[in-house]
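Q: One predicted model, sequence on top.
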Amino acid sequence: MNQPTPPRRLFRRPTIIAALAALAAPLLLLSATSPVTAAGEGRALEARLADTRVTVKSGWELARIRANARSDAEIVGEMRPGQSHMCSVAGCPTVVGHSITACGVTDDQWFAIWFDHGDETVAYVSRSCAQSQP
């Protein structure tokens, strides 16, 4: 009696070692071409933050700085044309807060900035009256 021959596979199943090598190769290449240390990442982040600042929108004389991203939050300071504050987050994205009508616009987006009102803390400026600048 002849036993049937099993069908031939066109592809062989990869071994664990081959699979790991395939996954590790891009990582090795990345680490060899761009070495980055934790301290280097911190300095790069600091540089990006320093380069992104919030200023008063053109044509307006004042932007109020608040303790929280709320229209009823305590006003802890003011920003005038020519003044700027460093963003507290790289890229200076806005956060959703209370809707506020200011500078002729109603908006619920707020910039988080570093602001010193007794201690270095995060404070908020409505996007209605402010803009980020790299």
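A: Sure, I can see it. These figures come from a predicted structure and were not determined experimentally.

Q: State the number of residues packed around Ser132.
A: 18 (other CB atoms under 10 Å). The C-beta positions use only the backbone N, C-alpha and C, and glycine is treated the same way.

Q: any idea how far it is from Arg53?
A: 7 Å (CB to CB, to the nearest Å).

Q: list residues touching both of those two?
A: In terms of CB atoms under 8 Å, 6 or more residues apart in numbering, Ser132 and Arg53 are both contacted by the residues 87, 92.

Q: tally of neighbours for Val89?
A: Neighbours of Val89 using other CB under 10 Å come to 16.

Q: List the buried residues in the biggest strand by length in the chain.
A: The residue-count maximum for a strand in the chain (DSSP state E) belongs to strand 105-116. Under the neighbour-count criterion of 16 or more other CB atoms under 10 Å, strand 105-116 has 107-113, 115 buried.

Q: my guess is Arg66 contacts Val76, does it?
A: Yes: Arg66 is in contact with Val76 according to CB atoms under 8 Å; the separation is 6.5 Å.

Q: all strands of the protein, in order?
A: 53-56, 63-66, 75-79, 84-86, 94-102, 105-116, 120-126, 130-133.
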